[in-house]
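Undergrad: with the sequence up front, the predicted model follows.
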Amino acid sequence: MYNSGMRGKFIVLEGGEGSGKSVQMGRLREMLPKGTVFTRDPGGVETGEDIRRMVLSKEARGIDTATELLLFMAARTQLIAELIAPALENGKMVICDRYILSTIAYQVYGRQKREYLPLVKSVFAAVNRGCVPDVTIFLDVSPEVGLARAHARLEAPNRFDEEAVAFHERVREGYKKHLSEYGKPFIIDADRPIEEVWHNIEEAVQSMF
Ligand code: TYD
């Protein structure tokens, strides 16, 4: 739908708890040219950040699984409309911390609601304005390693960090099953040290130029 010669590249970084995603996002910020747009899902724009606070808050514990899913989809819809679509259209490169695959992994697989998959796909198709990732990089961490890292952090855990290992196993399964549906897939073993993971991320990003 966009002027294909001018459209910017769209890279998504995905990964479970404690995969080192935040550290690697920081490195990408240093590596990529000025003018690259960095954002996060849920969030990135005011309404998206409002929804983020709501859906990740302790008060939202135990909300209906469909409500949870639709809040993530709503946050993403606004992020696309306000930031990602205009940026790509203007030829900017966009790097997004999480995206549609997170909803498939967490709300469909983690929450064991396979019946929601067609809903997720059809809502996304209806609202994405052509903003499908060119590349999705999945930092694949085993739940044991990831949760141990997450628990060692100083920040308070979010609602999802608190889920059992079995939940995170299902999340991982969901990621692996659907990774190839959203742009060129890269799966990186994130149990390894940060430096080695970074090396693979650099290769993935460079493969686009
Ligand atoms: P965040 O603190 O950003 O976690 P991380 O540093 O691991 O990215 O919180 C985002 C949380 O929201 C994370 O636990 C995954 C969850 N999430 C979903 O469950 N569904 C979604 O669609 C998205 C985008 C995130």
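TA: Nice, I can see it.
Undergrad: quick check: closest non-adjacent residue to T47.
TA: Q78 (4.6 Å; C-beta to C-beta, 6 or more residues apart in numbering). Yep, even glycine has a C-beta here, placed from its N, CA and C like the rest.
Undergrad: neighbours of the one you found, how many?
TA: 20 (other C-beta atoms under 10 Å).
Undergrad: was I right to think it contacts P42?
TA: No: assessed by C-beta atoms under 8 Å, Q78 is found out of contact with P42, at 9.3 Å.
Undergrad: mutual contacts of these two, please.
TA: Common contacts of Q78 and P42 (C-beta atoms under 8 Å, 6 or more residues apart in numbering): G48, I51.
Undergrad: what sits up against the worst-scoring helix or strand of the chain on mean pLDDT?
TA: The helix or strand of the chain with the poorest confidence is helix 143-152; it has a mean of 88 (mean pLDDT, DSSP states H and E). Helix 143-152 is contacted by residues 16-20, 141, 157, 161, 165, 168-169, 172, 190-191 when judged by C-beta under 8 Å, 6+ apart.
Undergrad: ok, and does it reach over to the ligand?
TA: No: Helix 143-152 lies out of reach of the ligand by C-beta under 6 Å from any ligand atom, never closer than 7.5 Å.
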